[in-house]
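> Next come a sequence and a model predicted from it.
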Amino acid sequence: MHIRLLSVLIINLFSLPLSMKPPFAQTATNTDSPKSAGEQYCNIQVLTEIPGDELILAMQFMTYSLGVECGYCHVEGALEKDDKKTKLTARKMMRMMREINKGNFESKQVVTCNSCHRGSPRPVSIPMVFDSAAKPSFERTPESETTLVNAPRPEEIIANYVKAIGGAAVLAKIRTREEKGTITVGGRSLPLEILNSTGAKQVTLVHLTNGDNVTAYDGTSGWSSSPNRPARPIPAVEVMSARSETDLQLPLHLKQIYDELKSLPSENAVDRETYVVAGMNAGEVAAKFYFDKDSGYLVRVLRYTKSPLGPDPTQIDYEDYRGLNGVKVPFRSTISRPNSGFVVQIKEVKFNVPIDGARFAQPAAVPAPKQPSS
């Protein structure tokens, strides 16, 4: 039972919550064309037109925003049923949110579930009494984040980072990387392997006693699997967002990954003063990169996966940079999401080792055994 729980938790942390059953009974269809949520699942009444593979992202965003699990709205074992009042309320809230954004913000995702709930099932309607110890946080709007700031140009900040970790010529020669270490999650450390290849290819394996948890990206798509469970695709929007983690030569490709790079106001991150560079796509902040003003190292990435209800954040803090073959790499990473977090400690790194390209490809589905004829 403990191993199964860890398996579920690791899948939830590394990619998508594959332990979650599809939130509604899937309809039977033989077409290979992409399906909408309304076509792929039963009893969808609000998010009917979104891509079917983004429905889990929408459900995930709601659990983050309300601080709840699937069972708060769904009946276990019969997730398509409408037996719970909370599910009916959720539909009303999604319709209300869409109308607010449509009528006031040109249908942009300005008002989301999290705007009011802030991690609680019930929004707080009464202002809080002043407490000198409390420090309310205020989100910066995209407009305020991307206005002119007194900071070096993004190109200068990135060039300084490239120089700090070894230089562009050295980075360009790295074709593969093999890392071995541990992942600490749920109070337990487990063996871990991360394999990278050029072209934003990456496979992460967490070794459990009953098999491996695998999260893989092949440069254009991704998939995840856990022991005794089939591989399942990762939504395209998550694959795009994860490029900031999977690209082996990331600083050399930032201009290709994002439409535009902008300097933001300096911030403190990992107890360091940092320059902040935003990666913009379609006029929105898709990721933020935090560079230590003193060392030039990249110490934090905050990336957003665009879900149908709002952006899902993933934060990665990098520490313990060490030199190896002329390149500086972080040996410790702390990955955080709204409902979870874990630490990766690397113990061994090798560059330019042979890695079979098949390691990144999603395995073929195993056909179900034929039933004997009566």
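Received the coordinates, thanks.
> show me where this protein has strands.
176-185, 188-197, 201-208, 211-218, 222-225, 232-234, 260-269, 272-281, 284-292, 298-306, 311-324, 327-337, 340-351 (DSSP state E).
> And the fifth one, what does it pack against?
Meaning strand 222-225. Counting contacts by 3 or more CB pairs under 8 Å, 6 or more residues apart in numbering; DSSP states H and E, strand 222-225 is packed against strand 211-218, strand 232-234. Yep, even glycine has a C-beta here, placed from its N, CA and C like the rest.
> Name the stretch among those that sits most buried.
Per residue and on average, the most neighbours among the helices and strands packed on strand 222-225 fall to strand 211-218, with a mean of 22 (mean count of other CB atoms under 10 Å).
> got a list of contacts for that one?
7, 10-11, 14-15, 200-206, 222-228, 231, 234, 239, 242, 246, 359-362 (CB atoms under 8 Å, 6 or more residues apart in numbering).
> Just put the strands of the chain in JSON lines and tack on mean pLDDT and distance to Cys42.
Compiled in JSON lines, the strands of the chain are given as follows (pLDDT from 0 to 100; distance: least, CB to CB, whole Å):
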{"stretch": "strand 176-185", "mean pLDDT": "96", "distance to Cys42": "34"}
{"stretch": "strand 188-197", "mean pLDDT": "96", "distance to Cys42": "37"}
{"stretch": "strand 201-208", "mean pLDDT": "96", "distance to Cys42": "33"}
{"stretch": "strand 211-218", "mean pLDDT": "95", "distance to Cys42": "28"}
{"stretch": "strand 222-225", "mean pLDDT": "95", "distance to Cys42": "24"}
{"stretch": "strand 232-234", "mean pLDDT": "92", "distance to Cys42": "19"}
{"stretch": "strand 260-269", "mean pLDDT": "95", "distance to Cys42": "41"}
{"stretch": "strand 272-281", "mean pLDDT": "96", "distance to Cys42": "33"}
{"stretch": "strand 284-292", "mean pLDDT": "96", "distance to Cys42": "33"}
{"stretch": "strand 298-306", "mean pLDDT": "96", "distance to Cys42": "25"}
{"stretch": "strand 311-324", "mean pLDDT": "96", "distance to Cys42": "25"}
{"stretch": "strand 327-337", "mean pLDDT": "96", "distance to Cys42": "29"}
{"stretch": "strand 340-351", "mean pLDDT": "96", "distance to Cys42": "29"}
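> Which one of those lies nearest to Tyr64?
Among the strands of the chain, the nearest to Tyr64 by CB to CB is strand 311-324 (6.8 Å).
> per the record, what domains does the chain have?
10-117, 142-360 (automatic domain parsing).
> mind checking how far the shortest one is from the chain centre?
With CA atoms, centre = their mean, to the nearest Å as the basis, domain 10-117 stands 17 Å off its chain's centre.
> same thing with stretch 257-274?
Distance, centroid of stretch 257-274 to centroid of chain: 18 Å (CA atoms, centre = their mean).
> please renumber so the chain begins at 40
Noted, 40 is the first residue going forward, which turns the last one into stretch 296-313.
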